[in-house]
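# compute the structure for the input listed below.
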Amino acid sequence: MTQEDAPAPAPLLWDVVICGAGPAGLTLGNHLGVLGLKVLIVERLPALLDYPRGVGIDDESLRSFQSVGLVDAVRRHTVPHQILSFIDRRGRTLAAMAPSAQPFGWPRRNGFIQPRVDRELAQGLAAFAHVQLRLGTAMERFEEQGERIALALRACDADGEPTGPAEQHHARYLVGCDGGRSSVRHGLGLPFEGRSESTRWLVIDLADDPIGTLNAAFVLDDDIPHVTMGLPHGVRRYEFMVPDGADEQAVSTPAHAREMLRRVLPPGVEPSIIRHRVYTHHARIAPTFRKGRALIAGDAAHLMPVWQGQGFNTGIRDVTNLGWKLALVASGRAGERLLDSYTEERHAHASAMIDLSVLTGRIFVPAHPLLKAVRNIVAPAIARIGPLRRYITEMRFKPMPFFRRGAVLHPGAVPDPRSGVGRMFIQPWVADAAGRRMRLDDAIGLRFALLSWSVGAEAWLDDAARGVLRQLDALPVVVKPACQLHGAAGAEDGTVLLADEAGEFKRWFDHAPGPVVLLRPDRVVAAICQPCNLNAALQALATVMDLRPPRAGAKA
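Okay, the predicted model is just below:
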């Protein structure tokens, strides 16, 4: 047999191929790595991006990084509890965001340097032999073929342009985390229409921070609104809004960057510019985040203006929601309908974050001069009203994810956000039977948990309910008042006993419709009930999640 007659090598079969090695793609790769899936991440550029991008991480994103063991590495590049102020042209503070509460276990506002965090996420993939990251590789085309999706991959040159022969790969699912110009979204034929006027910003990062303060401020200059922000490792970020009609080539030059810096820095300061770049901010969202075996996440699914600093975090929420669902479906433990819940749960919240970002921009930087004058008069007066000031300071205006539909089981016919179902569960500090203190998620791991307050629910489970919990690999957890756990022996049936260190569980369950909750791996409350109703709740939830009988050889 000649070399020409030899059969082509069998295409590689991956559980998931991720297109794009930005924060969403790298985070999804880490989640799927922990969950045991065979994953390939392809990125057309030869290296991770190193130019200025996102600068704000919230508590939900840190909780996601915690679940894959990377939160300590990420936090080395953050400024916890960073205050964001809106300042008028006279130097008066119109509003300030400085939330102090940590319901999810981490500070709600954190400045950060995205390229360094991206590198930590990429290095985290090295822990998984079944996850590969291939830089300088483009996904050229894909086609769904029955129960798999065929992909053509090609090596790229230093500019990210495909070169050389195509490699054929097969995967169960494809996820596009490849940015606003997503080739996956284009391949699916999904529209990505704008929902507001785009704005351009000149972004400049400085070394050896000449200002030194670690907080952030939007300066509402009537001519050129701008942002100043202290970041880790001595970096200072400035962002200047580019006036409408300005020539992009002209405002992208180093000379223009220095001219803008002279407007805001003290006289005589010669800044050390690390990099500068012009960005265009849009408000867009795709109508669905899934079509067949291909899905989109992060900037590939939605784009939003800079005003709330939520573009990065919204992408992390996407993949945290999607990862465990892909793991259940790819392993055969759940059917395809579970993946429909990804769009059901994430689309509405991403849309709400876009609307908030657009509204914030229109309030603080209105287009009409008359509205600017009204803002300058009214905003300082509003800032003196205590309840309104606290509403802004504590970020109560921020839409929190609440899933009316999806992989959740609401206790009533009408979804009620006060029940706790469809919302993220709190993350207090706990202690185990040996007295070791830890955060709740560290005691559970990246998995489902059947969490009971004070009394376990084991005695109420029938065989069918136990089967559902085995299918979900749910960890039984009982949280007790700390005084009850002192000196107690550990449980013998695999149940984890934890102490309510500060009474936060007690306060949460005081207002809940039942003492038993099923927590999803993304820490959303999937169901809540009384122990005597647990069997019926688990059976109903199995239907909602489209759980399937385990197949022979299926992954646990």
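
# drop to CA atoms for contacts and neighbour counts, all remaining ones
Will do.

# got a pLDDT number for V524?
Confidence at V524, expressed as pLDDT, is 98.

# please determine how far it is located from C156.
Computed with C-alpha to C-alpha, to the nearest Å, the distance linking V524 and C156 is 40 Å.

# between these two, which has more neighbouring residues?
V524 (24 against 19; other C-alpha atoms under 10 Å).

# bridged to that one, which residues?
Listed beta-bridge partners, V524: M424 (assigned using DSSP bridges).

# right, and it touches G422 too?
Yes: taking contacts as C-alpha atoms under 8 Å, V524 lies within contact range of G422: 6.0 Å.

# could you verify that L40 is part of a helix?
No: using DSSP: H, G, I helix; E, B strand; the rest coil, the assignment for L40 is strand, not a helix.

# quick one: contacts for it?
Contact analysis of L40 by C-alpha atoms under 8 Å, 6 or more residues apart in numbering lists 14, 16-18, 131-134.

# could I get the full set of helices for the stretch 451-556 of the chain?
Secondary structure of the stretch 451-556 of the chain (DSSP state H, counting those that start in this stretch): helices at 463-472, 482-485, 504-510, 534-544.

# among these, which is nearest R275?
With C-alpha to C-alpha, the closest approach to R275 among the helices of the stretch 451-556 of the chain belongs to helix 504-510: 45.0 Å.

# please point out which parts of that closest one sit buried.
504-506, 509 (16 or more other C-alpha atoms under 10 Å).

# could you provide these in CSV, with additional columns for pLDDT and distance to A257?
Compiled in CSV, these are given as follows (pLDDT from 0 to 100; distance: C-alpha to C-alpha, whole Å):
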residue, pLDDT, distance to A257
E504, 97, 49
F505, 97, 51
K506, 97, 54
F509, 97, 54
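
# so which of those residues comes closest to D546?
Using C-alpha to C-alpha as the measure, the one of the buried residues of helix 504-510 that approaches D546 most closely is F509, at 28.3 Å.

# quick check: the closest residue to the closest one other than its chain neighbours vs V175, distance?
The shortest distance from F509 to any non-neighbouring residue, by C-alpha to C-alpha, 6 or more residues apart in numbering, is to P515 (6.4 Å). Look at P515 and V175: by C-alpha to C-alpha, they are 37 Å apart.

# quick one, which of the two is more surrounded?
V175 (25 against 21).

# quick one: the residue most central in space within the chain and A512, what's the gap?
Among the residues of the chain, the one closest to the centroid is I316, at 1.7 Å (C-alpha atoms, centre = their mean). According to C-alpha to C-alpha, I316 and A512 sit 28 Å apart.

# ok, now L49?
Going from L49 to A512 by C-alpha to C-alpha gives 45 Å.

# kindly report the same for I113.
I113 is 39 Å from A512, by C-alpha to C-alpha.

# neighbour count winner among those two?
I113 (25 against 17).

# what number of residues are in the vicinity of A255?
Neighbours of A255 under the rule other C-alpha under 10 Å: 11.

# where's it, which helix or strand?
Per DSSP states H and E: A255 is located in helix 254-264.

# ok, residues contacting that helix?
202, 204, 240, 250-251, 276.

# which strands and helices lie in contact with the lengthiest helix in the chain?
The longest helix of the chain (DSSP state H) is helix 337-364. Other helices and strands packing on helix 337-364, by 3 or more C-alpha pairs under 8 Å, 6 or more residues apart in numbering; DSSP states H and E, are strand 290-291, helix 311-330, helix 369-383.

# go through these and find the least confident stretch.
helix 369-383 (a mean of 59).

# got the end-to-end distance for stretch 416-435?
Stretch 416-435: ends 37 Å apart by C-alpha to C-alpha.

# low-confidence ranges, the stretch 251-400 of the chain, go.
Applying pLDDT under 70 to the stretch 251-400 of the chain flags residues 306-309, 360-399.

# what residues of stretch 79-99 count as buried?
For stretch 79-99, by 16+ other C-alpha under 10 Å, it's 79-88, 93-99.

# what of stretch 56-68?
Buried residues in stretch 56-68 (16+ other C-alpha under 10 Å): 56-68.

# before we move on, what about stretch 270-286?
Of the residues in stretch 270-286, those buried (16+ other C-alpha under 10 Å) are 271, 273, 276-279, 281-286.
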